[in-house]
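[1] sharing a model that was predicted from the sequence below.
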Amino acid sequence: MRTRFWRQRTNIISATLTLIASLLLTGCFGNDEEDWNGKNISGLMPELEFDLINSQGKSVSGDDYSGRVRMLFFGFTSCPDVCPTALQKLNQVTSGLDPELQDEVLTLFVSVDPKRDTPERLAKYVDFFGDNIVGLTGKEPQLRELAKRYRTTFGYDEPDADGNYAVSHSSAIYVFDREGNPRLLMRPDLSGEEIRHDLAALIQEDA
Amino acid sequence: MSLLDYLLPYDFSPLTVLSYMLVMGFYGVGLIRMPDQDRPGSLRIFAFTLGVLICYAVMQTRFDYYAQYMFFVHRGQHLILHHIGPILIALSNPLPVMRFWFEKIRPGWRRALRPLGWVYQVLQQPFIALFLFVGLIYFWLWPSIHFDAMLSRELYWVMNWSMLLDGLLFWWLIFDPRPPAITSSLGYGRRMLVLAAAGVLQMFLGAWIVFSRDMVYDVYEVCGRAWPLDPEVDQLLGGMLTYIPPAMMSILGILLMLRRAMHQDGKYTNQSKQLEETAS
């Protein structure tokens, strides 16, 4: 009896399920109000938190830089192309903002190569890329923890005869708002103009 | 890295570890306590344990790290969670152990559990089961959803658990050892049809990934790979893991069903005729 009951209703049930599934799908594809160029990551990731040392060798946490829109970027100072290009772009982006907005943005450059990147070396490196940038690093477990928190990783290649080695790392820029909530993920192929548009919107949104 | 680092979870999930411990615990205690004549043979116990262990291994060891940062390892993880693990568990037929524990539940509780049985019956309608099985693969591999799932820890766990649970439901429906002639399990013809449809639909998706010239899943590019592998090679390998093994498993499943159907041909027809005669 019961099997017949279910058999008769199979069509209705499956039609309903199809409908629900397609509604869920379209819900996922809906856009939010703001037209971001970066990928919206609100709610996908935890708020900004870390336990690292800055380029003066002092230990710092996420709260030390709160109140500003922050761009988190992983790299290393011996990086041949990805890091300098990205940092150069971010420097152009921030210096192209209205003067009163410029101090509202901070770039956090996290070196994942603590063996070579001493705080002094890091300080020299980030100073080259403007004022609104902070160099951070830490012990490898601290860096692993931070990378894991933002669903990324890094790895070291075998050193060559001169002891140089490449480091694989995330190429994305993670953007956090003033409260430290994760907001946007910038792919490296975005133009400076596109990044600037998003940043300006984020700064002005809760000013 | 020491051996221990490879065996310990990359992203520790207490709920996952607890679930696996409970499953193995109930299975083991059930085996010891149940009457000798009901106890499954050693091959079946081995198949069950192996199925559970490989699912645990891809979720709670270093394997999970590589699955998070390499597309093809991720496809391998889902191949185990959605296919190989559940197939081994279903073929091991843990029904006697489950029946043993079910009889231990108090009648009042059994009545309270009945709605769960209804949900189960709905999910095991062949069309719905097929829709869920293939739909989940397409859903989690939809590029924008896949991107989010790899970025969000919560979504990532939902993804892996939904694949495992649906894999168990689906392959149990297919490999249900109870003969359909005398029980309510799905008929062999329908089982084979569902398997064929699932195979073809997975081949479409796999072929699309394999033959895509663009990067479809760039989250691994954005967030860094576990080691520097050419992105196109990664996508190609991942596509092949989506394309070939699931198709082969559908065909193997169909052959197994054919074999069972041929073995049982005529075995139950006389019996059911007799039953009808005595009933009338």
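    Yes, it's here. In this text the structure is predicted, and so the values were computed from the model without any measurement. Residues are numbered from 1 along each chain as shown, chains lettered A, B, ... in the order given.
[2] hey, let's count contacts and neighbours off CA atoms from now on
    Noted.
[3] now do the same for residue 128: its pLDDT.
    No chain was given, so I picked chain A. Listed pLDDT for A:Phe128 reads 90.
[4] that's the other chain; I wanted chain B
    Confidence score, pLDDT, at B:Ile128: 97.
[5] now it: which helix or strand?
    Using DSSP states H and E, B:Ile128 falls within helix B:126-141.
[6] is chain A contacted by that helix?
    Yes - residues of helix B:126-141 are located near chain A by Cα under 8 Å from any Cα of the partner chain, namely B:127-128.
[7] that helix - contacts with which helices or strands?
    helix A:2-29, helix B:143-151, helix B:153-175, helix B:188-211 (3 or more Cα pairs under 8 Å, 6 or more residues apart in numbering or on different chains; DSSP states H and E).
[8] pick out the shakiest of the ones you listed, pLDDT-wise.
    Lowest mean pLDDT within the helices and strands packed on helix B:126-141: helix A:2-29, at a mean of 56.
[9] B:Ile45 reaches B:Ser92, doesn't it?
    Yes - contact criterion Cα atoms under 8 Å: B:Ile45 and B:Ser92 qualify, at 6.7 Å.
[10] looking at those two, which has the bigger crowd around it?
    Between B:Ile45 and B:Ser92, counting by other Cα atoms under 10 Å in any protein chain shown, B:Ser92 is the more crowded of the two (23 against 19).
[11] counting neighbours, what do you get for the closest residue to the more buried one other than its chain neighbours?
    Closest residue in space to B:Ser92, ignoring its immediate chain neighbours: B:Arg44 at 4.5 Å, by Cα to Cα, 6 or more residues apart in numbering or on different chains. When neighbours are counted by other Cα under 10 Å, B:Arg44 registers 18.
[12] got the phi and psi for residue 39?
    Because you didn't say which chain, this covers chain A. When quoted as degrees, to the nearest 10, the phi and psi of A:Lys39 stand at phi -90, psi 130.
[13] that's the wrong chain, I wanted chain B
    Main-chain torsions, B:Arg39, degrees, to the nearest 10: phi -70, psi 130.
[14] does it really touch B:Met98, like I thought?
    No - at 11.3 Å, B:Arg39 does not count as touching B:Met98 under the criterion of Cα under 8 Å.
[15] so if I had to pick from these two, which one is more boxed in?
    Regarding B:Arg39 and B:Met98, a neighbour count based on other Cα under 10 Å identifies B:Arg39 as having more, with 18 against 13.
[16] distance of that one relative to A:Phe128?
    B:Arg39 sits 73 Å away from A:Phe128, taking Cα to Cα, to the nearest Å as the criterion.
[17] which positions in the stretch 101-250 of chain B make contact with chain A?
    Near chain A, when you scan the stretch 101-250 of chain B using Cα under 8 Å from any Cα, you find B:121-122, B:125, B:127-128, B:145, B:148, B:150-153, B:184, B:221-228.
[18] if you set the cut-off to 6 Å instead, what comes out?
    Counting by Cα under 6 Å from any Cα of the partner chain, the positions of the stretch 101-250 of chain B adjacent to chain A are B:128, B:151-152, B:222-224.
[19] show me which of those residues are buried.
    With burial judged by 16 or more other Cα atoms under 10 Å in any protein chain shown, the buried subset of these is B:128, B:151-152, B:222-224.
[20] where in chain A is the helix or strand with the lowest mean pLDDT?
    The helix or strand of chain A with the poorest confidence is helix A:2-29; it has a mean of 56 (mean pLDDT, DSSP states H and E).
[21] nearest spatial neighbour of B:Asp166, chain-adjacent residues omitted?
    Per Cα to Cα, 6+ apart, closest to B:Asp166 is B:Phe133, 6.4 Å.
[22] what is the burial count for the one you found?
    Other residues near B:Phe133 come to 20 when the count uses other Cα under 10 Å.
[23] A:Ser66 now?
    Neighbour tally, A:Ser66, other Cα under 10 Å: 16.
[24] quick one, phi/psi of it?
    Main-chain dihedrals, A:Ser66, degrees, to the nearest 10: phi -70, psi 170.
[25] which residues touch the residue lying closest to it once chain neighbours are set aside?
    What sits nearest to A:Ser66 in space, not counting adjacent residues and going by Cα to Cα, 6+ apart, is A:Arg178, at 6.1 Å. Taking Cα atoms under 6 Å, 6 or more residues apart in numbering or on different chains, we find A:Arg178 in contact with A:67-69.
[26] same list (those) but as a markdown table, adding secondary structure and pLDDT.
    Formatted as a markdown table, those follow (DSSP: H, G, I helix; E, B strand; the rest coil; pLDDT from 0 to 100):
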| residue | secondary structure | pLDDT |
| --- | --- | --- |
| A:Gly67 | coil | 89 |
| A:Arg68 | coil | 91 |
| A:Val69 | strand | 93 |
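[27] buried subset of those residues as a PyMOL selection?
    Those of the contacts of A:Arg178 that count as buried under 16+ other Cα under 10 Å are selected in PyMOL with:
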select buried, chain A and resi 68+69
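[28] what pLDDT does the residue nearest to B:Leu165 when sequence neighbours are not counted get?
    What sits nearest to B:Leu165 in space, not counting adjacent residues and going by Cα to Cα, 6+ apart, is B:His82, at 8.0 Å. Predicted confidence (pLDDT) for B:His82: 97.
[29] most centrally placed residue in chain A?
    Taking Cα atoms, centre = their mean, the centroid of chain A lies closest to A:Tyr174, which sits 1.5 Å from it.
[30] quick check: that one touching A:Leu185?
    Yes - with contact defined as Cα atoms under 6 Å, A:Tyr174 reaches A:Leu185; the gap is 4.8 Å.
[31] nothing else from me, thank you.
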